[in-house]
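**Q** no FASTA, just this:
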């Protein structure tokens, strides 16, 4: 259970979001906002992020991700509640093959 005033979400961001510096941009924005979590590419062409922190800053991050970096073209963001269990800081993780995880 998250402490009051904190929020954790898992984002699945689709569109032209790989090969446009989306992950590095996300790490930079998360550091600026003091958020914890991670971001990674998925083999299906989406970007996935776990964003944890004060509710207002998490909501700001979601709004920022709707635009992304200059070369990105975000079509959609799926927002899922998350447990928020993550070390302090915000990091870029390696690409994950979502199909391999299902098998």
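**A** Cool, the structure landed. Predicted model only: the values in this text are computed from it and were never measured.

**Q** what's the closest non-adjacent residue to residue 15?
**A** Residue nearest to residue 15 in three dimensions, not counting chain neighbours: residue 75, with 3.6 Å by CB to CB, 6 or more residues apart in numbering. The C-beta positions use only the backbone N, C-alpha and C, and glycine is treated the same way.

**Q** neighbours around the one you found, how many?
**A** By other CB atoms under 10 Å, 10 other residues sit near residue 75.

**Q** Quick check on it: phi, psi?
**A** phi -90, psi -40 (degrees, to the nearest 10).

**Q** what's the answer for residue 59, then?
**A** Residue 59 adopts backbone torsions of phi -60, psi -40, taken as degrees, to the nearest 10.

**Q** Pull the contacting residues for it.
**A** residue 7 (CB atoms under 8 Å, 6 or more residues apart in numbering).

**Q** For it, give its distance to residue 70.
**A** Here the criterion is CB to CB, to the nearest Å. By it, residue 59 lies 22 Å from residue 70.

**Q** Now the helix or strand encompassing residue 74: buried residues?
**A** Assigned by DSSP states H and E, residue 74 falls within strand 73-81. The neighbour-count check on strand 73-81 (16 or more other CB atoms under 10 Å) flags 74, 77 as buried.

**Q** What lies in contact with the helix or strand following that strand?
**A** With elements assigned by DSSP H and E, the helix or strand that comes after strand 73-81 is strand 90-92. For strand 90-92, contacts defined as CB under 8 Å, 6+ apart pick out 23, 24, 26, 27, 30, 31, 35, 36, 37, 38, 39, 40.

**Q** Apply 7 Å and report the result again.
**A** Outside strand 90-92, the residues within contact range by CB atoms under 7 Å, 6 or more residues apart in numbering are 23, 24, 27, 30, 31, 35, 36, 37, 38, 39, 40.

**Q** Just give the closest residue to the last one, not the sequence neighbours.
**A** Excluding the flanking residues, the one nearest residue 40 by CB to CB, 6+ apart is residue 93, at 4.0 Å.

**Q** Same check on the fourth one?
**A** Once its chain neighbours are removed from consideration, residue 30 has its nearest residue in residue 90; the separation is 3.7 Å (CB to CB, 6+ apart).

**Q** Thanks a lot, catch you later.
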